[in-house]
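> take a look and give me a structure for this.
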Amino acid sequence: MATTAQDLDNFRRFVEVRLNAGGADASLDELFDLWRQENPSADLYAENVAAIAASLEDFERGERGAIAGPDSAQLRREFGLGDR
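Sure thing, here's the model as predicted:
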């Protein structure tokens, strides 16, 4: 995907809004990551939609996945969510 002047201008406006809203301590990398999350590429968006559709189909067929168990506890520790 080629970066266009429109992409750069959209990112600049995004950064201005974030900085004016009190995000002055955010790094450029953090701002870019946030912008990419809110503005995924067309390919990534299509991939996400397909993954969600596949998950819904699995759910409708009765596939409920596996219990997270110890993995859930590890993720809570990593993200500072405490024990629940």
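
> all contacts plus neighbour counts: C-alpha atoms, from now on.
Will do.

> in the chain, which spans are helices?
5-20, 28-38, 42-60, 70-78 (DSSP state H).

> make CSV out of the ones you listed and add mean pLDDT.
Shown next, in CSV, are these (pLDDT from 0 to 100):
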stretch, mean pLDDT
helix 5-20, 92
helix 28-38, 91
helix 42-60, 93
helix 70-78, 84
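
> could I get those as CSV with mean neighbour count?
Shown next, in CSV, are these (neighbours: other CA atoms under 10 Å):
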stretch, mean neighbour count
helix 5-20, 13
helix 28-38, 12
helix 42-60, 12
helix 70-78, 12
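
> residue closest to the middle of this protein?
Gln37 (4.5 Å; CA atoms, centre = their mean).

> so how far is Tyr45 from it?
10 Å (CA to CA, to the nearest Å).

> same check, this time on Val15
22 Å.

> next: Asp71.
Counting by CA to CA, the gap from Asp71 to Tyr45 is 27 Å.

> likewise for Ala53?
From Ala53 to Tyr45 the distance is 12 Å (CA to CA).

> and if you look at Ala68?
Noted for Ala68: a distance of 26 Å to Tyr45, by CA to CA.

> equivalent analysis for Thr4, please.
Thr4 is 19 Å from Tyr45, by CA to CA.

> Asp33 too?
Where Tyr45 is concerned, Asp33 sits at a distance of 15 Å (CA to CA).

> brilliant, that's me finished.
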